[in-house]
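Enquirer: I'll drop the sequence and a predicted model, then ask my questions.
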Amino acid sequence: MTPISELTNTQPTDLQGLSVELETVMGGIKSLQINQEASVQSLQRTYKEHGAVMIEQLHGNLSTNIDKCFNSSVGTSGNNLKEEMCWSVLSILNEFDNITVKELNDIKEEVISIKGSVTSSIHKCTTLHNDLSQFHELVQKIGDNKELCLIASIKCKHIIQQALTLLGKSGKAFNVQRKSVHNVRIPSDSYECSIAGICVLTDGQVLVADSKNKRIKLLNQQYQVVNHWDVTAGPWDICLITSSEVAVAVNDHDSKIHEVQFITVNQGKLVSGRKFQLQHECRGIVHHQGDLFVTSGKELYKYSLSGKLICSLYQDRSADWKVYKCAVSPTGDRLYIITSYLKNKLLTLARDGTLLATYTDPALRDPTGLHVTPAGQVLVCGYRSHTVLQVGWEGESKLANLATEEDGLWYPWSVCYSSTTSSIIVGQWEDNNILVFRVE
């Protein structure tokens, strides 16, 4: 074993640089903590606002129906008018109980679940920030002791890497170990499967959006279809809301169906929940701490969980279907969108929609699938180039071609990473198989 004294002679430590790096990472962790605390407050505010809107609608419905009763009561007795008003009010209250109260309860459960997840992340931020602060103080006191410099450097690098992973700034490139193929077609499917979206639950189960068969399919950890749910139109994307609930982007251009459908996984069964309508096409969807980001093909919008449009973040109206799919960094400070049809770009945006970076690559020919891992690794599918590649979290450079046509990839349509199995799952267009690449 090499003595520490010899290591210090060959591996000098830049304490000043280490100190600056610690300060930078500490600033990032503190900023993340502040943003997460703001997200919790925003979630609670959203729920209260939606509840107030529901109550206001109830009052409006009651007033409107009472007015109708009075206006249509000419020549009727007082008893008939009273009875008609009672039935009208009861009908409205029953509808409120059966639909609106359930919707409010659903949103409340979502808020509680997301708040719990964010609170856990805030705790991690606090712990990491305290550890970083202690190391920063230690580095300031070490002076010229080479052995202590090396020990501090090794320990600091470890804690800094933990912080960078939490910040979604991992520079690690995936290394593919092996591939497996799994058939997701079921007997009642009318067409070959076209997997437009993939989502992995925290327990390792997988949901795939089969756009051609208009179905959401639940796969177990062995990637076998165990349940499915038919939606009103083609599901074009799917994202995780809580540990057991997803939101689906449902869209049909011809019949003008544009909606977000919520689905819960309960004991191996898919249960349909509430949904809300959109005034534009619905092609891509991703969720982050109570915010829903939806693409229309021409714009990127931000919605609340209750379906309230917050703002438009980015638009490109020069041709059809360019703002296609979207993804968000683990910290929520960066948004990614892919632009198809001649544009062939990955765009990185700030939270407010400001363009930060543009990436182009021959392997990104007609990009279709987009996903960001919990560590911040960006995965993109090149549909016509038959490639899945990994881009750095800054959105400026390629780290690796993870899979190509030589690996059996053919028109990849969607991609997702499973932390449970350390695997990249790829869905394809008009292909009954999904490909699973085990990575390190």
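Expert: Looks like it came in fine. Numbers count the residues shown, from 1 in each chain.
Enquirer: please, where are all the helices along the chain?
Expert: Listed in chain order, the helices of the chain (DSSP state H) span 4-10, 15-71, 78-95, 101-142, 146-166.
Enquirer: run through the bridge partners of the residue nearest to residue 311 when sequence neighbours are not counted.
Expert: Excluding the flanking residues, the one nearest residue 311 by Cβ to Cβ, 6 or more residues apart in numbering is residue 302, at 5.4 Å. Every residue, glycine included, has its C-beta placed from N, CA and C. When assigned by DSSP bridges, residue 302 has beta-bridge partners residue 293, residue 311.
Enquirer: so what's residue 302 up against?
Expert: Shown in contact with residue 302 (Cβ atoms under 8 Å, 6 or more residues apart in numbering): 291-294, 309-313.
Enquirer: give me that answer again for 10 Å
Expert: By Cβ atoms under 10 Å, 6 or more residues apart in numbering, the residues touching residue 302 are 288, 291-294, 308-313, 335, 351-353.
Enquirer: ChimeraX command for the buried members of those?
Expert: Here is the ChimeraX command that selects the buried residues among the contacts of residue 302 (16 or more other Cβ atoms under 10 Å):
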select :288,291,292,293,294,313,335,351
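Enquirer: from the contacts of residue 302, which is closest to residue 432?
Expert: Closest approach to residue 432 among these (Cβ to Cβ): residue 294, at 28.5 Å.
Enquirer: quick one: low-confidence ranges for the chain?
Expert: For the chain, the stretches with pLDDT under 70 are 1-14, 50, 53-101, 143-146, 317-321, 341-342.
Enquirer: could you chop this structure up by domain?
Expert: The record assigns the chain these domain ranges, following automatic domain parsing: 4-166, 176-439.
Enquirer: deepest of those domains, which one?
Expert: domain 176-439 (a mean of 19; mean count of other Cβ atoms under 10 Å).
Enquirer: next one: that domain to chain centre, how far?
Expert: Mean-position distance between domain 176-439 and its chain equals 9 Å (Cα atoms, centre = their mean, to the nearest Å).
Enquirer: end-to-end on it?
Expert: End-to-end span of domain 176-439 (Cα to Cα, to the nearest Å): 4 Å.
Enquirer: over to stretch 172-185?
Expert: 34 Å.
Enquirer: please export the C-alpha coordinates of stretch 117-129 as PDB.
Expert: C-alpha atoms of stretch 117-129 as PDB (Å, rounded to 0.1, in the frame of the first residue of the first chain):
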ATOM      1  CA  SER A 117     -41.400  13.700  -1.500                       C
ATOM      2  CA  VAL A 118     -40.200  17.400  -1.600                       C
ATOM      3  CA  THR A 119     -39.900  17.500   2.200                       C
ATOM      4  CA  SER A 120     -37.600  14.500   2.100                       C
ATOM      5  CA  SER A 121     -35.500  16.200  -0.600                       C
ATOM      6  CA  ILE A 122     -35.300  19.300   1.500                       C
ATOM      7  CA  HIS A 123     -34.000  17.200   4.400                       C
ATOM      8  CA  LYS A 124     -31.300  15.800   2.100                       C
ATOM      9  CA  CYS A 125     -30.400  19.300   1.100                       C
ATOM     10  CA  THR A 126     -30.100  20.400   4.700                       C
ATOM     11  CA  THR A 127     -27.900  17.400   5.600                       C
ATOM     12  CA  LEU A 128     -25.600  17.900   2.500                       C
ATOM     13  CA  HIS A 129     -25.300  21.600   3.100                       C
END
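Enquirer: so how far is it off the chain centroid?
Expert: Using Cα atoms, centre = their mean, the mean C-alpha position of stretch 117-129 is found 19 Å from that of the whole chain.
Enquirer: contacts for that stretch?
Expert: With Cβ under 10 Å, 6+ apart as the criterion, stretch 117-129 contacts 25-37, 39-40, 43, 159-160, 162-163, 165-167, 202, 242-243, 289-290, 330-331.
Enquirer: residues contacting residue 436?
Expert: Applying Cβ under 10 Å, 6+ apart to residue 436 gives the contacts 178-182, 206, 223, 418, 421, 423-426.
Enquirer: strands - which of those land there?
Expert: 178-182, 206, 418, 423-426 (DSSP state E).
Enquirer: farthest pair in those?
Expert: For these, the farthest-apart pair by Cβ to Cβ is 178 and 206; their separation is 17.9 Å.
Enquirer: follow-up on the earlier one: the contacts of residue 436: which two are farthest apart?
Expert: It's 178 and 206 that sit farthest apart of the contacts of residue 436, by Cβ to Cβ, at 17.9 Å.
Enquirer: pretty sure residue 213 contacts residue 192?
Expert: Yes. Between residue 213 and residue 192 a contact is recorded at 8.6 Å, counting by Cβ atoms under 10 Å.
Enquirer: what residues are shared contacts of these two?
Expert: What both residue 213 and residue 192 touch, as defined by Cβ under 10 Å, 6+ apart, is the set residue 185.
Enquirer: got a list of what residue 405 touches?
Expert: So residue 405 contacts 385-387, 411-412 (Cβ under 10 Å, 6+ apart).
Enquirer: which residue, other than its chain neighbours, is closest to residue 266?
Expert: Using Cβ to Cβ, 6+ apart, the closest residue to residue 266 is residue 244 (7.0 Å).
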